[in-house]
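K.L.:
Fold the following, please.
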Amino acid sequence: MPMPPPKPTTERRRDRHVGHEIDQIVRALRTEGPQSSEELARLVGAPYWDDGRFEQAIGYAVSDGLVLQTNDGRYEAT
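P.N.:
Reported below is the predicted structural model:
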């Protein structure tokens, strides 16, 4: 009996660079501690990334459980 197909997902396919961007975010948070979105973006050089890349990478980092958003809106590494 064949295996059923995988369940559909709403997550876009990740490109090869997003893993590197997630690593940069996690490394910055482990080194510098919890940060606001603006400060974290500055720490990782996100102003030089393509539009939307930082938001995409932080979204994946949170959904993967590598980063938490605290009650005060800051991000911290898990």
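K.L.:
Return the backbone torsion pair for Tyr75.
P.N.:
phi -110, psi 140 (degrees, to the nearest 10).
K.L.:
Likewise for Leu66?
P.N.:
According to degrees, to the nearest 10, Leu66 has phi -90, psi -20.
K.L.:
Could you report the neighbour count for the residue nearest to it when sequence neighbours are not counted?
P.N.:
Of all residues beyond its chain neighbours, the one nearest Leu66 is Val26 (5.2 Å), with distances taken as CB to CB, 6 or more residues apart in numbering. (Glycine included, C-beta is placed from N, CA and C.) By other CB atoms under 10 Å, the residues close to Val26 number 19.
K.L.:
cool, Ala77 as well?
P.N.:
Ala77 has 18 neighbouring residues, counting by other CB under 10 Å.
K.L.:
That one: what's it in contact with?
P.N.:
Ala77 sits next to 26, 29-30, 66-68 when contact means CB atoms under 8 Å, 6 or more residues apart in numbering.
K.L.:
just the strands in the protein please.
P.N.:
Taking DSSP state E to define them, one finds strands in the chain at 67-69, 75-77.
K.L.:
any chance of those in a markdown table, with mean pLDDT and distance to Gly52 too?
P.N.:
Conversion of these to a markdown table gives the following (pLDDT from 0 to 100; distance: least, CB to CB, whole Å):
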| stretch | mean pLDDT | distance to Gly52 |
| --- | --- | --- |
| strand 67-69 | 97 | 17 |
| strand 75-77 | 97 | 17 |
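K.L.:
out of those strands, nearest to Ser37?
P.N.:
Among the strands of the chain, the nearest to Ser37 by CB to CB is strand 75-77 (6.8 Å).
K.L.:
picking up where we left off before, tell me which two of the contacts of Ala77 sit farthest apart.
P.N.:
Top of the distance list for the contacts of Ala77 (CB to CB): Arg30 and Leu68, 12.6 Å.
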